[in-house]
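J.: sequence first, then the predicted structure:
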Amino acid sequence: MRPAEPKGCPLADVRFDHATKIYPGTDAPAVDALDLHIEDGEFVVLVGPSGSGKTTALRMLAGLEEVDDGAIYIGDRDVTYLAPKKRDVAMVFQNYALYPYLTVEANIGFPLRIAGIKKEERARRVREVAELLGLEPYLQRKPGQLSGGQRQRVAMGRAIVREPSVFLMDEPLSNLDAQLRVQMRADIAALQSRLGVTTVYVTHDQAEAMTLGNRVVVMSDGHVQQCGPPRELYEAPVNTFVAGFIGSPAMNLLTLPVEGSAVRLGGERVPVPAGATSNGRSTLVVGFRPEALDLATEGIPAEVEVVEEVGADAYVFCVAEVAGETTKLVARTDWRSAPERGARVKLKPQPDEAHVFDLETGERIGET
Amino acid sequence: MTSATAKAQPPTFTRRKPPANVRRRRFLVTVADHSFLIAAALVFLAPFVFIVLTAFMTNDQALSPDLWPHPFRFQNFADVFSEAPLWRYALNSLIYGGLATLFLLASSIPVAYALAKLRWRGREAAFLIVLVAMLLPPQVTVIPVYVMWAKLHLVGSLWPLILPNLLGDAFSIFLLRQFFLTIPDEYLDAARVDGCGEFRILTTVVLRLAKPAIAAVALFSFLFCFNDFFGPLLYTGESPDNWTLSVGLAQFRTVHQVQWNLTMAATLIVIAPVVVLFFLAQRAFVEGVTLTGVKG
C-alpha cells in the first residue's frame, strides 16, 4: 500500500512549528503558536487543566482540527493540510470509540479492513496484537460484553495493529477506576518502550504525566508553560503555574516581603538569588514543596485542619498567619508523627528547598 | 460483567405472591385507574370490529342491525379477488412504497449527515430551509408540479410519486439529523484517523449506529406511501393499471354498486399488511422516534 513508508520508519519525529488554532466564534487561540519538537520514539505527555489546549494540539496533529497558522511535520513530511488518513497516525480516544456492533476481532481489524488488507493477513495481525495485549479469549465478544480495562486494551489494539509512525492518546485512562488506571499506566509505558513508536499522550492528571513521559509538556491557555523531563518539572518549575500544577499536594506558594537579600519565614532566614531584588522588587513569591516544610519546635505557628494519611506518609493541611495574611499550608511528615486535627504546630521551612518567583510575572528567579 | 454473572445463577428463593384479596383489589383499582383509557380504546376499536364482522356477512345482512354474521361467509375474500385486480393494486402499492422509501433513504441520509456531523459555512441556514420546507403543505405546490410532470409525459404512471424522493424529504432529514447528533463524534474521528473518508464513514459507521432511526424513517415512508390516496388518485386516476390499493379500494365501492360485505373484506385485506408490519417493527419504530426526541 505504502511502499515509500515502511513500518518503523526511522524519521517519525513530530514537529509543531508555530501551530495555532482559533475556534470559530472565539478570540483567544485554543493553541497559540505552539513550538514543540518530539523525537522519534519519544513518549511525550501533554498535561494541563481543561481548556489548556492540550487536546486541541493532539487533534491538530491527528488532522481532526484545521491548523489556522503555522505548520506540523511528521518526519520530513509537512502534514499541515493532509487528511487524517494520510498522516499514518493512530489514535486512542477517551471513550475508546469501539464500534458496538463489531466483535473485538473486527474492531481491532477495522483499520486494516479499511486499508484493503487481505483477510488472512488481517487475521494474522489481529491475532498477534491480541496475543500481545492478552485479548485472545475475547476476540468474538462485542465491546458491550467487556470490562472497562478490556475495552481500553481493545482500543490500544486497534491503534497498534496499524503499525503507525505515531501513537496519539487522548486521556485513555480517565474512564478507568483508580487501581486499574495505575496498572494500565504501567502496561502502556512497557508497551511503548517495547514498540518504540513515537507517542503523544494527553492527560489532565499530573501523576499520570509524571510517571509516563520521557518528557512532559505543561500547557495552559494554549501556551507551553514548560517542557522537560518529569524530574526537572518537579525540581525547577519555571513559573508559579507549573509549580502549582505539578506535584500533589501542590506546592505552598507564599507572598513575602524582601529584607535585604533574603525573606523571613517563621523565624527562618531564606536567602533569595542575587538578581531577585535588582529591579526594585520588594515582594517575592516563595514556594516550598510539602516535603520542604518540617514539623518542628519552632517555625511558622499553624493550626491543623486536616490530616491525610497516605501509607507511610501523612500530609498535614494547616492554616497559618504568614506576612499578615491567613494562608493554607501543607507539610509532609511520617504517619507516626502526624498531629491530630486542631492541634497547634510549628512549620519550619528548609531554606535551600525554596523556589523563588517574581510576584508580577510569576517567572522563576535564578537558582537558590 | 457483573450482570452477566448474576444472570447465570438462577435465584434460589421463590417470590411470595400477595394474598388473593389484595390481588383482586389491585386489579380493580388498576381497571378503575384506566377506565377513561379503556373507554377510549373501545371507541377506537369499534370501527375495526365493524369492518371485521361485516367482512364475513352476506350482502343482505350487511348494514343491518344484526351485528354477528350468520352464516360466516368466507367466500367474500375469494370474491374480492375476482371482482377487482387486487394483486395488481398490491403490486403497484409495493412498487410505489418500496422504490419511494429506497430513494428517500438514499437521498435523505447523506443530507442529514452533512447537517449533523460536517462543519461547513451556512449549515445552520441550510437546516432552517429544510425546516421551512416541512411547513409547506403539498397542496400548495400540487398544480405547478402536476404541470411539470404532464410536460414530461409521466402523468398516468407512478413515477411522479416515486422520483421526487430522490431529492430528499424534509421530515426524514430532520428526524435523521436529530438522531445523528446523538452519535458521539469520537466514533467518526476514530474512523477518520483509521483511514475512512466521509462517504466511507457514512456507509460503515453511521449507517450501523443509526439503524433504529433509519428503520423508523423507512417505516414512516412506506406507511405513508401505502396509505397515500391523494397522490395516486391525482396522477394515476385515469390509468387503472397503475392504481394502488388505496385508490383501488375507493373505486371498488363506486364501480360495484356498493357491496358492503365485499368492500369490508377488501378493506381488511388492505389494512392487514400495515398492521402486521407495524407489530413486527414496533420496537424499531418506537425506539427510532423516542431516541430522536421527535414525535411522529
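T.: Done, it's in.
J.: dump the residue contacts of residue A:321.
T.: The contact partners of residue A:321, taken as CB atoms under 8 Å, 6 or more residues apart in numbering or on different chains, are A:301, A:327. For the C-beta atoms, the positions are set from N, CA and C on the backbone; glycine is no exception.
J.: so in terms of bridging, what pairs with it?
T.: Residues in a beta bridge with residue A:321, per DSSP bridges, are residue A:326.
J.: next, the residue nearest to residue A:55 when sequence neighbours are not counted: secondary structure please.
T.: In space, and not counting its chain neighbours, residue A:55 is closest to residue A:202: 5.4 Å by CB to CB, 6 or more residues apart in numbering or on different chains. Following DSSP: H, G, I helix; E, B strand; the rest coil, the label given to residue A:202 is strand.
J.: look up how far residue B:70 lies from residue A:202.
T.: Look at residue A:202 and residue B:70: by CB to CB, to the nearest Å, they are 79 Å apart.
J.: can you check residue B:171 too?
T.: With distances taken as CB to CB, residue B:171 is found 47 Å from residue B:70.
J.: before we move on, what about residue B:162?
T.: Distance of residue B:162 to residue B:70, computed by CB to CB: 45 Å.
J.: which of the two has more neighbours?
T.: Per other CB atoms under 10 Å in any protein chain shown, whichever of residue B:162 and residue B:70 has more neighbours is residue B:162, with 22 against 10.
J.: quick revisit: now for the residue nearest to residue A:55: which residues touch it?
T.: Contacts here follow CB under 8 Å, 6+ apart; on that basis residue A:202 touches A:45, A:46, A:47, A:54, A:55, A:57, A:58, A:169, A:170, A:171.
J.: same check, this time on residue A:356
T.: Residue A:356 sits next to A:272, A:273, A:276, A:284, A:285, A:286, A:287, A:364, A:365, A:366, A:368 when contact means CB under 8 Å, 6+ apart.
J.: do you know the pLDDT at it?
T.: Predicted confidence (pLDDT) at residue A:356: the value is 92.
J.: assumed it was part of a helix.
T.: No - read with three-state DSSP, residue A:356 is strand and lies in no helix.
J.: please enumerate the helices of the stretch 51-200 of chain A.
T.: Ranges of helices in the stretch 51-200 of chain A, per DSSP state H, counting those that start in this stretch, are A:54-62, A:104-114, A:119-133, A:148-160, A:178-195.
J.: how about the residues of chain A by chain B?
T.: Residues of chain A lying near chain B by CB under 8 Å from any CB of the partner chain: A:59, A:62-64, A:83-85, A:89-91, A:93-95, A:97, A:99-101, A:110-111, A:114-115, A:145-147, A:158, A:162, A:168.
J.: which among the residues you listed end up buried?
T.: Buried subset of the residues of chain A next to chain B (neighbour count, 16 or more other CB atoms under 10 Å in any protein chain shown): A:59, A:62-64, A:84-85, A:89-91, A:93-95, A:97, A:99, A:110-111, A:114, A:146, A:158, A:162, A:168.
J.: what's the neighbour count on residue 173?
T.: All of this is about chain A. With other CB under 10 Å as criterion, residue A:173 counts 24.
J.: think we crossed wires, I meant chain B
T.: Counted by other CB under 10 Å, the residues lying close to residue B:173 total 27.
J.: sweet, I'm off.
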